[in-house]
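Engineer: Let's see this in three dimensions:
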Amino acid sequence: MNTTKVVIIAEEPESLIEDANRKTILVCPRNKRLSSKILLQKNIKVIFSSYSRFPDIESLKIIRDVLFYLINTSEIEKGEKVEILFKKRGEFHKLLFDTSQLEYVTINSLLSDRLSGKLIESILKLSMNIARLGVEGRPAGALLIVGDPHEVSRYTVRGDINPIEAIPQQRRSILNEDNFGILRQYATMDGATIINQKGEVVSCNTYIKILDIPTNVEEIGGRHLAAKSISKLTKAIAIVVSSEGKIKVYRDGKTVYQMENL
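Structural biologist: Predicted coordinates for the structure are as follows:
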């Protein structure tokens, strides 16, 4: 099978590059330093992960999570043939995938009737960024609401001051990954972060009116209750990032997608 992309998942991914001219995605530890030669290669994409361990032949769930994340963020397109390389405890392994033969549902297919593909990818990337980096290196959660701010505002409560107004308009777009650092700080405040259909953060530290409060509220969690309520009351999409690194997407009051932090 002739592959179109190579994905390398390892603590020392640079050492596994067989052909620097092939389109390659490196998944490596968050604090890993790569050579400038690799970082400047146009055909090499680097993704930093907070995984505490890397895959071996007995833990293929990590491979699946990485593959589905790359598909959902369009780093890998439907129909591409992918070669995945990984090394653990000195053992080198190679897996081949024809994505046209894989059965999976993408977040894009679930939300494309309400949000643009670019916005969906950016939401997922920002959510992963929050799950991976938290605040000042500490785990942190967030609630992102994406939809018509006027519709959403009917079911929200906000103070007199909107914290996001402290930064320039151009720094509020989630479509630009350069903004993730500052937006992550605001998104991890208490309450929800409201994002319009253009990908602009319009408010944060906003509280959602919860539709139904079950008796087991502590087990469900406030963010999940708020996400369920606002997505049921409006056409907005709600994304919950937990401090444990899990991401859940709500639509029409139901969980429609979930994935683990890389």
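Engineer: from here on, contacts and neighbour counts on C-alpha atoms
Structural biologist: Will do.
Engineer: Show the pLDDT at residue 65.
Structural biologist: Predicted confidence (pLDDT) for residue 65: 83.
Engineer: brain fart, residue 56
Structural biologist: Looking at residue 56, the pLDDT reads 66.
Engineer: Please apply the same query to residue 38.
Structural biologist: Residue 38 is assigned a pLDDT of 83 by the prediction.
Engineer: Nearest spatial neighbour of it, chain-adjacent residues omitted?
Structural biologist: residue 44 (7.1 Å; Cα to Cα, 6 or more residues apart in numbering).
Engineer: hang on, isn't that neighbour packed against residue 19?
Structural biologist: No - look at residue 44 against residue 19 with Cα atoms under 8 Å: they stay out of range, at 10.7 Å.
Engineer: Settle it for me: which of the two has more neighbours?
Structural biologist: residue 44 (20 against 9; other Cα atoms under 10 Å).
Engineer: can you tell me how far the more buried one sits from residue 92?
Structural biologist: Distance of residue 44 to residue 92, given as Cα to Cα, to the nearest Å: 21 Å.
Engineer: what pLDDT does the nearest residue to residue 21 once chain neighbours are set aside get?
Structural biologist: In this structure, residue 21 finds its nearest non-sequential neighbour in residue 43, 6.9 Å apart by Cα to Cα, 6+ apart. pLDDT for residue 43: 91.
Engineer: hmm, back to that, show me what contacts the residue nearest to residue 38?
Structural biologist: Neighbouring residues of residue 44 by Cα atoms under 8 Å, 6 or more residues apart in numbering: 20, 23-26, 38.
Engineer: Reformat those as a markdown table; add secondary structure and distance to residue 82.
Structural biologist: Below are the contacts of residue 44 laid out as a markdown table (DSSP: H, G, I helix; E, B strand; the rest coil; distance: Cα to Cα, whole Å):
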| residue | secondary structure | distance to residue 82 |
| --- | --- | --- |
| 20 | coil | 16 |
| 23 | coil | 10 |
| 24 | strand | 10 |
| 25 | strand | 10 |
| 26 | strand | 13 |
| 38 | helix | 20 |
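Engineer: Quick check on those: which are buried?
Structural biologist: Among the contacts of residue 44, those buried by neighbour count (16 or more other Cα atoms under 10 Å) are 23-26, 38.
Engineer: can you list the domains in this protein?
Structural biologist: 5-101, 107-260 (automatic domain parsing).
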